[in-house]
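1. Quick one: sequence plus predicted model below, questions after.
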Amino acid sequence: MLRMLSLIILILFFVITIFSISYDVHLLINGKEPSFSSIGEFWFALSPTSLQISEAVVSRYVDPCSLFTSLECAPLLWHPIISSFLLMPSTPTLIIMSIFLFWIYRKNIEKKISNYYS
């Protein structure tokens, strides 16, 4: 079951990577200077409302500083952490993540095969 879930996540990241590459090529063809789009820009191009809703949900309901007022701290989950991730270039980041997930999946398969024949 876990192996099937990891395969689904791997395929999902691979498809998103293909979309990111095609989005960057589309921008290049339409005359934008050759550079990678950020993850946030790519997400906004696909679904702007989901990006805004995600920020609101994380800032209000997931961030521990906004959940517990007794902590008296500034919100720390969206703006320093997630927004930094959203500023990263989409295509190289997604390629690296896809390769890493594929490596983990293959390592899990090889481990299962070696345990089967032992």
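-> Cool, got the structure.
2. What are the boundaries of the helices in the chain?
-> Listed in chain order, the helices of the chain (DSSP state H) span 2-29, 39-46, 48-57, 64-67, 83-86, 90-117.
3. Could I get the buried residue list for the lowest-mean-pLDDT helix or strand in the chain?
-> When the helices and strands of the chain are scored by mean pLDDT, DSSP states H and E, helix 64-67 comes last with a mean of 77. Residues Ser66 are the ones in helix 64-67 that count as buried (16 or more other Cβ atoms under 10 Å). Every C-beta, even on glycine, is put in place using the N, C-alpha and C of the backbone.
4. can you offset everything so residue one is 16?
-> Yes, from this point I'll number from 16; that puts the last item at helix 79-82.
5. Any idea how many residues pack against Ser113?
-> Under the neighbour criterion other Cβ atoms under 10 Å, Ser113 is assigned a count of 20.
6. what do you get for Met103?
-> Met103 has 14 neighbours, counted by other Cβ under 10 Å.
7. which ones are touching the closest residue to it other than its chain neighbours?
-> In space, Met103 comes closest to Ile54 once its chain neighbours are excluded; the distance is 5.5 Å by Cβ to Cβ, 6 or more residues apart in numbering. With contacts defined as Cβ atoms under 8 Å, 6 or more residues apart in numbering, Ile54 is in contact with Phe100, Leu101, Leu102, Met103, Pro104, Ser105, Thr108, Leu109.
8. any idea how far Ile54 lies from Thr108?
-> With distances taken as Cβ to Cβ, to the nearest Å, Ile54 is found 6 Å from Thr108.
9. do Ile114 as well
-> Applying Cβ to Cβ, one obtains 11 Å for the distance of Ile114 from Thr108.
10. Next: Phe29.
-> In terms of Cβ to Cβ, Phe29 sits 14 Å off from Thr108.
11. How about Leu92?
-> With distances defined as Cβ to Cβ, the gap from Leu92 to Thr108 amounts to 19 Å.
12. Name all residues that make contact with the spatially most central residue of the chain.
-> For the chain, Leu109 is the residue whose C-alpha lies nearest the centre (Cα atoms, centre = their mean; 7.0 Å). If you count contacts by Cβ under 8 Å, 6+ apart, Leu109 has them with Phe28, Ile31, Thr32, Ser35, Ile54.
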